[in-house]
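Asks: need coordinates for the following:
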Amino acid sequence: ILMGGTIALLFYIRSVFSSSKEVLTEAEPIVEPQKPAEKEKPKKKVNERKQKEVKSSFTHKWLLTSLKGHSKRILDMDFSPNGKFLVTTSEDETVILWPVKDFPAKEHKSYRCNLDYDHSIFIKWSPDSKAFILQKAITNCIEVHKVAKRPEGGYEFGVVKTFPAKHTTDIIGLGIASTGKFIATCSDKTDLILWNLKGDVLARVDTYHNLTYCVKVSPCGRFVATSGFTSDVKVWEVKFSRAGDFEKIGKAFDLPGHRSGVYNFAFTPDSSRMATISKDGTWKVYDTNVEYNKGQDVSIIVSGSYHGDSSHPSIVAISNDGQLVCIAQDKGLRFYSVLTGDLEAEIFEVHTEPITQVLFDSSGKYVVSAGDKHARVFHNVPGHRTAIQALNETMKKNASNTSVRDRIQMQIKEAEQALAKDRKSTRLNSS
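Replies: You can find the predicted model right below:
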């Protein structure tokens with residue numbers, strides 16, 4: 001029995017040692033590959049970061065500068081009537097004022113206004129450039145902010161008026177008359193409201209668009225226009241008495257001609273022309289300098305097809321002289337001549353997100369776009385080209401009139417000098 005127990009103990013000890021060796025041999029391959037894996041992880045993160053930086057960078061020969069100050073996407077912007085400032089509003093709950101005179105500089109001064117617990121989706125300057133109005137996103141109401149100079153320098157901001165929330169659905173636009181007599185807002189349904197500057201409702205109008213996409217007040221301050229799911233743009237005249245009291249809002253005229261809904265439209269500064277862009281794949285420019293109350297109809301100056309996917313909403317802007325149309329679709333810009341209807345230029349991937357706004361400044365020197373957290377400022381090179389084209393055509397029609405011809409030649413010379421200056425700047429930017 002003793003011998004049998006000893007033999008069994010020897011077998012047991014042998015089995016324990018052999019099993020421990022198997023565990024070690026199985027564990028060794030698992031430990032070894034973990035070391036290089038830990039070294040590779042930081043390298044991969046660095047590469048991803050570099051790729052993101054490269055993707056967000058943008059350069060173009062016409063790019064004057066990028067305005068950097070917001071931490072989230074810019075939703076709207078507006079130039080002040082006195083031409084001194086651009087104001088931008090962002091999802092980061094801030095509004096920033098940018099002096100236009102600093103655009104050519106390497107560094108840009110800016111003045112920040114913080115909004116409390118909400119951000120604005122639309123913003124417009126007051127006619128005197130001393131305040132801006134904005135549409136709040138969460139509270140769905142209008143706020144008026146005063147802009148005042150500080151004695152020690154800079155600017156300070158303060159809320160002077162909050163309008164009651166009257167719309168029951170999302171707001172798609174905001175505008176203020178250059179006369180300062182009324183403000184217009186419209187919901188994404190058909191509810192157009194006119195307000196006075198005290199926050200009182202002057203009138204409510206059904207746009208009859210089924211769905212409304214855009215609302216704007218004409219620069220002359222007489223009209224408010226809307227577009228949407230229907231194929232026309234409706235223009236109303238807002239009438240006041242000689243004493244300045246609101247009387248009524250009445251239908252003035254329509255912009256017909258599209259076969260599908262109109263995404264967006266824009267006025268020239270003198271309200272004599274309007275540009276539209278539609279889901280039907282076309283853009284148009286109308287002559288709106290008409291006496292509609294005498295039965296005169298608007299006419300189409302030019303109609304053209306635009307490049308890109310017409311099922312995606314687009315934004316349109318028209319130059320101050322009415323000779324150039326800029327269309328923003330997705331992340332790019334395209335420029336079309338009103339004289340010929342041809343594509344003049346296109347700039348791709350301007351922003352990392354779809355463009356939310358595009359504007360011409362009052363001087364006609366710049367085109368500004370917003371889409372991500374930066375605003376891009378471009379030299380208006382296509383604008384100078386189309387201005388020269390239009391002036392040459394006008395001179396041909398007035399060849400026999402010496403005084404008119406001389407004046408036009410002077411304007412052509414000024415446009416050519418501006419174009420040469422922009423080309424010089426773009427060469428410096430490229431280098």
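
Asks: okay, which residue is most central for the protein?
Replies: Central residue of the chain (Cα atoms, centre = their mean): residue 357, 1.0 Å from the mean position.

Asks: what is it paired to in the beta sheet?
Replies: Note on residue 357: beta-bridge partners by DSSP bridges are residue 370.

Asks: surely it meets residue 369?
Replies: Yes - counting by Cβ atoms under 8 Å, residue 357 touches residue 369, with 7.0 Å between them. Bear in mind the C-beta positions are built from the backbone N, C-alpha and C, glycine included.

Asks: helix/strand/coil for residue 396?
Replies: Assigned with DSSP: H, G, I helix; E, B strand; the rest coil, residue 396 falls in the helix class.

Asks: any idea how far residue 237 is from residue 172?
Replies: Residue 237 sits 21 Å away from residue 172, taking Cβ to Cβ, to the nearest Å as the criterion.

Asks: low pLDDT regions in this protein?
Replies: 1-56, 423-431 (pLDDT under 70).

Asks: which parts of it are helices?
Replies: In the chain, the segments counted as helices under DSSP state H are 2-31, 34-56, 381-397, 402-430.

Asks: count the residues that sit near the closest residue to residue 299 other than its chain neighbours.
Replies: Spatial nearest neighbour of residue 299, chain neighbours left out: residue 287 (4.9 Å); criterion: Cβ to Cβ, 6 or more residues apart in numbering. Around residue 287 there are 14 other residues, counting by other Cβ atoms under 10 Å.

Asks: over to residue 309?
Replies: If we define neighbours as other Cβ under 10 Å, then residue 309 has 9 of them.

Asks: now do the one 5 residues further on
Replies: One way to gauge burial is a neighbour count; for residue 314, by other Cβ under 10 Å, it gives 22.

Asks: and it, how far is that from residue 277?
Replies: For residue 314 relative to residue 277 (Cβ to Cβ), the value is 5 Å.

Asks: what residues are shared contacts of the two?
Replies: Jointly contacting residue 314 and residue 277 under the rule Cβ atoms under 8 Å, 6 or more residues apart in numbering are 263, 264, 306, 327.

Asks: list the residues that contact the second one.
Replies: Put plainly, it is residue 264. 213, 214, 227, 276, 277, 313, 314, 315, 316.

Asks: if you set the cut-off to 6 Å instead, what comes out?
Replies: Taking Cβ atoms under 6 Å, 6 or more residues apart in numbering, we find residue 264 in contact with 214, 277, 315, 316.

Asks: of the residues you listed - the most surrounded one?
Replies: residue 277 leads the contacts of residue 264 on contacts (other Cβ under 10 Å) with 28 neighbours.

Asks: can I assume that one is in contact with residue 315?
Replies: No - Residue 277 lies out of contact with residue 315 (Cβ atoms under 6 Å); the separation is 7.5 Å.

Asks: need the contacts of residue 264 in TSV (columns: distance to residue 269).
Replies: Listed next are the contacts of residue 264 as TSV, based on distance: Cβ to Cβ, whole Å:
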residue	distance to residue 269
214	18
277	19
315	18
316	15
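
Asks: tell me which of the residues you listed fall in strands.
Replies: In strands, judged by DSSP state E, the following of the contacts of residue 264 are found: 214, 277, 315, 316.

Asks: number of nearby residues for the residue nearest to residue 97 when sequence neighbours are not counted?
Replies: Spatial nearest neighbour of residue 97, excluding adjacent residues (Cβ to Cβ, 6+ apart): residue 111 at 4.3 Å. When neighbours are counted by other Cβ under 10 Å, residue 111 registers 18.

Asks: list of residues touching stretch 96-108?
Replies: 64-65, 67, 69, 84-88, 109-112, 377.

Asks: actually stretch 342-352, sorry about that
Replies: By Cβ under 6 Å, 6+ apart, the residues outside stretch 342-352 that reach it are 56, 60, 331-337, 369, 371-372, 376, 382.

Asks: the same query, at a cut-off of 7 Å, please.
Replies: 56, 58, 60, 307, 331-337, 369, 371-372, 376, 382, 385-386 (Cβ atoms under 7 Å, 6 or more residues apart in numbering).

Asks: first vs last residue of stretch 100-118, how far apart are they?
Replies: Start-to-end span of stretch 100-118 (Cα to Cα, to the nearest Å) is 27 Å.

Asks: and the biggest strand by length in the chain, how far out from the chain middle?
Replies: Longest strand of the chain, by residue count under DSSP E: strand 246-255. Distance, stretch centre to chain centre, for strand 246-255: 28 Å (Cα atoms, centre = their mean, to the nearest Å).

Asks: repeat for stretch 156-168
Replies: 23 Å.

Asks: buried ones in that stretch?
Replies: Residues of stretch 156-168 classed as buried: 157, 163, 166, 167 (neighbour count, 16 or more other Cβ atoms under 10 Å).
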